[in-house]
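> Take a look and give me a structure for this.
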Amino acid sequence: MTRLSADERRDQLVEAAIAVMIRDGVAKATTRAIATEAGAPLGAFHYCFRSKQELLHAVIDRIMRRTLVPTATTAGEDDGRSPYEIIRGTLHAYWDGIRRSPAEHMVTYELTQYALRQPEMAEVARRQYAHYLTVFGEYLEAVARAAGIRWTVDVHVLARHGFGLLDGLTLTWLIDRDDAQAEAALDEYARYLGTVAGR
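Coordinates of the predicted model:
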């Protein structure tokens, strides 16, 4: 059996947790089920994570960051684009990530509801959305650097506004799968961002 480093085992368990949640739902993602999915001993779970809450935070972070970070860091690759074109391009790249992995994003909504219904887990939901706002703020700052602009609205306010919009848009799309309407809404949001982009 190949020995894994602690970081490798942690990554393996996070991916296993996502797989179990997609297949069986968040409520059935027990530590034993996750360890079994990963082909790891149960003790490995407790070695890598202090609690199930810590694992859930890692799951949320993994899903969010692989949706947003690549779109932000590659935003400036094409020279000669206008700020609007860069903003629109990053939003559509983000949306491509949603469309590629809808089951993962369904898990994030299920995680929120699961946590809010259990008093001992409510902090997971609060930290989940605080984390979303932090990551989205980082995304906006990366887009501004790539486009050579500065936001004329406080980035924290812009992150809350923008993430609220995209969160609702994502949930609506998961329900109706209307690509044309989703893309039209993204374009409208890109136009709005263009109005608060200064030099």
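
> quick one: low-confidence parts of this structure?
Along the chain, the parts satisfying pLDDT under 70 run over 1-2, 67-79.

> how about the strands of it, start to end?
For the chain, applying DSSP state E gives strands covering 150-151, 197-198.

> Other residues contacting the last one?
The reference is to strand 197-198. 83-84, 87, 144, 147, 149-152 (Cβ atoms under 8 Å, 6 or more residues apart in numbering). Using the backbone N, CA and C atoms, a C-beta is placed for each residue, glycine as well.

> can you rerun that using 10 Å?
For strand 197-198, the external contacting residues (Cβ atoms under 10 Å, 6 or more residues apart in numbering) are 83-84, 86-87, 143-144, 147-153.

> residue contacts, I60?
Applying Cβ under 10 Å, 6+ apart, we find I60 in contact with 14, 107-108, 111-112, 115, 124-125, 127-129, 131-132, 135.

> Pull up the distance across stretch 173-187, start to finish.
Chord length of stretch 173-187, first to last residue, is 15 Å (Cα to Cα, to the nearest Å).

> Same question for stretch 20-28.
8 Å.

> how near is the residue nearest to A125 when sequence neighbours are not counted to R81?
In space, A125 comes closest to A115 once its chain neighbours are excluded; the distance is 4.0 Å by Cβ to Cβ, 6 or more residues apart in numbering. Summarising the geometry, the distance separating A115 from R81, computed by Cβ to Cβ, to the nearest Å, is 40 Å.
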